[in-house]
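Here's my sequence, what's the structure:
(one chain, ligands or ions: 1)
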Amino acid sequence: MHFAGELIIMRFFLYRQMQHYTSRSTIMLKSETTRPGTLYIVATPIGNLEDITLRALRTLKEVDLIAAEDTRHSQKLLNHFGIHTRLISYYREKETERAHELVLRLQAGESVALISDAGTPGISDPGAILVRLAREAAITVVPIPGPSALTTALSSAGLAEGTFLFLGFLPSQKGQRQKLLLSLADSEHPLVLYESPNRMAALFADALDVLGERQAFWARELTKSYEELQGGPLSELLALAGSRRNKGESVVIICPGAKNQAEGDNLEELLLWYRDHSGLSLKDACRKLASDLGLSRSQIYQQALAIWRDDQ
Ligand code: SAM
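Purely as a prediction, here's the structure:
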């Protein structure tokens, strides 16, 4: 009797233990199966809606959430393609805060697509903070490639160099813009810039002033009805930009200047070399030499004038 009672108690104990482990393993199993969601970085058209990829459309349909720079703008894109996924905003001013919120959602298992107003997120657009935080949290980041104004412009420029330096938007302040351009004056790589319509003339004027005459390429309203691709010297593009309202968005490519191979042991010999071999004007040669030698332009100008006069 006593023995039977012990058996019953033992059985009850074992039953409780099993219950305990079963419910524990269920809980463990649940947390183990809550896999983090995936973050998709999705490129969207820069004008022509036909440029969206099939993969981008499928991803935007399938994810739990789309984080967009401007939800009203992106809603039009989604409506056009009959996509009903929920949108939330992810914009520059709130980028860090939103990125943390999105990483929590991803960790809880939601899948998120990030899009910008146009082109590829993270290219002169918000995106980098979210991508960095997601990667730090070991969340899978999947890029869905597609349009970008950068690659679209480059593909139609026919550059000989095969390399380029992408600067995005230059500083809006003239002084800072000129300083940056000057620091890149000797670059052997074409410079690729983004610019907004109302600053086109100022950009060409500064580039001409600081870099001197160079070949350049202006791609405006890419993929849209009024697409315009113009190649020519900076002075011509400046004249064009100054002669009209430059509607629409633009990418500008500035080609490298004459190679810095000036030969000469003194200022006179260098000036002679520039006059005879560089193809630069007197003014541009003075600017280049002044910057290379750390002199003021006025220190060089009188001597340069005499040398250029000798040539006439
Ligand atoms: N993330 C975008 C990308 O991948 O191209 C760029 C965004 S950035 C905020 C916008 C700038 O890109 C514009 O000011 C312009 O310089 C360039 N851009 C965008 N769409 C363009 C278009 N259709 N034609 C020419 N440039 C464009």
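
Looking at the stretch 1-150 of the chain, which residue is nearest the ligand?
Residue nearest to the ligand within the stretch 1-150 of the chain (CB to the nearest ligand atom): G119, separated by 2.4 Å. In this view, the C-beta of every residue, glycine as well, is placed from N, C-alpha and C.

Spell out which residues of the stretch 101-250 of the chain are next to the ligand.
The stretch 101-250 of the chain comes close to the ligand at residues 116, 118-120, 123-125, 148-150, 194-196, 219-224, 249-250, as judged by CB under 6 Å from any ligand atom.

Narrow these to those in helices?
Among these, the ones falling in helices (DSSP state H) are 149-150.

Among the residues of the stretch 101-250 of the chain next to the ligand, name the buried ones.
Those of those that meet the buried threshold are 116, 118-120, 123-125, 148-150, 194-195, 219-223, 249-250, by 16 or more other CB atoms under 10 Å.

Okay, and which of those residues map to strands?
Residues of these located in strands (DSSP state E): 194-195, 219-220, 250.

among these, which two are most distant?
Y194 and R220 (11.8 Å; CB to CB).

Quick check: which element contains L229?
Assigned by DSSP states H and E, L229 belongs to strand 228-233.

and that strand, C-alpha only, in CSV?
C-alpha atoms of strand 228-233 as CSV (Å, rounded to 0.1, in the frame of the first residue of the first chain):
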residue,chain,number,x,y,z
GLU,A,228,18.3,65.4,-73.3
LEU,A,229,21.9,64.3,-73.6
GLN,A,230,24.4,67.1,-74.3
GLY,A,231,28.2,66.7,-74.7
GLY,A,232,30.6,69.7,-75.1
PRO,A,233,33.0,72.1,-73.5
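
Packing partners of that strand?
Under the contact definition 3 or more CB pairs under 8 Å, 6 or more residues apart in numbering; DSSP states H and E, strand 228-233 sits against strand 215-220.

ok, which stretches of the stretch 1-150 of the chain are helices?
Counting by DSSP state H, counting those that start in this stretch, the stretch 1-150 of the chain has these helices, from start to end: 2-33, 54-62, 71-80, 95-107, 128-136, 149-155.
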